[in-house]
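Q: Next comes the sequence, and after it the predicted model I'd like to discuss.
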Amino acid sequence: MNNTFVVGLTGGIGSGKSAATDLFKTHGIDVVDADEVARDVVLPGTTGLQSIVERFGDSVLLSDGTLDRAQLRKLVFTDSTAKNWLNSLLHPLIRERMQQLIADTSSAYCILSVPLLVENKLTTMCNKVVVVDCSESTQLTRAVERDSSDVETIKNIMDAQATREERLNAADYVLDNNSSLLSLEQQVADLHHQLLAQASNTPSS
Ligand SMILES: CC(C)(COP(=O)(O)OP(=O)(O)OC[C@H]1O[C@@H](n2cnc3c(N)ncnc32)[C@H](O)[C@@H]1O)[C@@H](O)C(=O)NCCC(=O)NCCS
Ligand SMILES: Nc1ncnc2c1ncn2[C@@H]1O[C@H](COP(=O)(O)OP(=O)(O)OP(=O)(O)O)[C@@H](O)[C@H]1O
């Protein structure tokens, strides 16, 4: 039986999920990150990578045999059939691996960071849901800068995700990441204490 108190954390591309989870880690909290899991399930030798190569051909591989993620990003976010195919291949694999990793955590609660938490109804895996929120224009600016990506690609990814409103409707707590990283740090410290209290007040099942 798994008694871990799971705090789902989500937000759109570039909203600041990684910035927030890095801060939770400084409080000793274990983090299970769907983006990291998504990388693990397509490492060389996995059935995940094999299926992707069968579908898209060798052009999605780099010369060292690893997945060319930039190439696949371009492919799937300009073709919704390809994106849906990739999602149905990877999401069950990602979900299964996340469940194993949650069971291995040992902190007072764990953070489950998933960009598509609301879209894929993974809120059912969580005791509480935290949304990292900022304006869409800030998301766009930060994501373009971080990924050295073009505006069009990031807009396509944002269009493939839930709206800001849909995510906020699922939130028990909101981290406002419109301003400085210092402000985020203070909000995370405050929320951490609230979540510690919540986790210790929740009876084990
Ligand atoms: C298409 C891929 C190879 C591009 O890789 P890349 O390294 O460029 O991006 P990365 O994985 O770091 O994702 C960056 C961000 O894009 C967004 N994103 C990624 N996949 C998706 C998706 N299928 N739908 C909507 N948004 C997505 C998320 O906000 C994510 O944080 C990769 O994103 C992928 O394998 N996506 C499918 C798996 C998935 O849904 N991952 C999201 C976590 S469940
Ligand atoms: N409050 C902030 N002020 C300035 N820059 C920030 C702030 N929060 C995050 N950033 C920067 O914005 C970029 C996006 O943040 P981050 O990578 O944490 O987003 P994310 O939600 O994890 O994105 P993705 O969905 O793509 O994984 C990063 O370069 C990060 O350093």
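A: Yep, that arrived. Ligands and ions are numbered 1, 2, ... in the order given.
Q: Please report phi then psi for Leu67.
A: Main-chain dihedrals, Leu67, degrees, to the nearest 10: phi -70, psi 130.
Q: Tell me how many other residues crowd the closest residue to it other than its chain neighbours.
A: Spatially, and ignoring its direct neighbours in sequence, Leu67 is nearest to Val42 (5.1 Å; Cβ to Cβ, 6 or more residues apart in numbering). The way it works is simple: take the backbone N, C-alpha and C, and place the C-beta from them, glycine included. Under the neighbour criterion other Cβ atoms under 10 Å, Val42 is assigned a count of 23.
Q: Confirm Phe132 sits in a helix?
A: For residue 132 the amino acid is Val, not Phe. No. Counting by DSSP: H, G, I helix; E, B strand; the rest coil, Val132 is not found in a helix; it is strand.
Q: and the gap between it and ligand 1?
A: Remark: distance between Val132 and ligand 1 (Cβ to the nearest ligand atom, to the nearest Å) = 11 Å.
Q: Might you report the residue contacts of that residue?
A: Going by Cβ atoms under 8 Å, 6 or more residues apart in numbering, Val132 touches Leu9, Thr10, Gly11, Ser15, Gly16, Lys17, Ala19, Ala20, Leu175, Asn177.
Q: Which residue is the nearest non-sequential neighbour of Asn156?
A: Phe77 (4.2 Å).
Q: what does the protein put close to ligand 1?
A: Contacts of the chain with ligand 1, taken as Cβ under 6 Å from any ligand atom, map to 13, 34-35, 38, 69-70, 72-73, 76, 83, 86-87, 90, 94, 114-116, 157, 160-161.
Q: so which strand or helix has the closest residue to Ala38 other than its chain neighbours?
A: Distances taken as Cβ to Cβ, 6+ apart put Ile94 closest to Ala38, at 5.5 Å, once the chain neighbours are dropped. Per DSSP states H and E: Ile94 is located in helix 80-103.
Q: Packing partners of that helix?
A: Applying 3 or more Cβ pairs under 8 Å, 6 or more residues apart in numbering; DSSP states H and E, we find helix 80-103 packed against strand 30-33, helix 34-40, helix 47-56, helix 69-76, strand 110-113.
Q: Select from the ones you listed the stretch with the lowest mean pLDDT.
A: Lowest mean pLDDT within the helices and strands packed on helix 80-103: helix 69-76, at a mean of 93.
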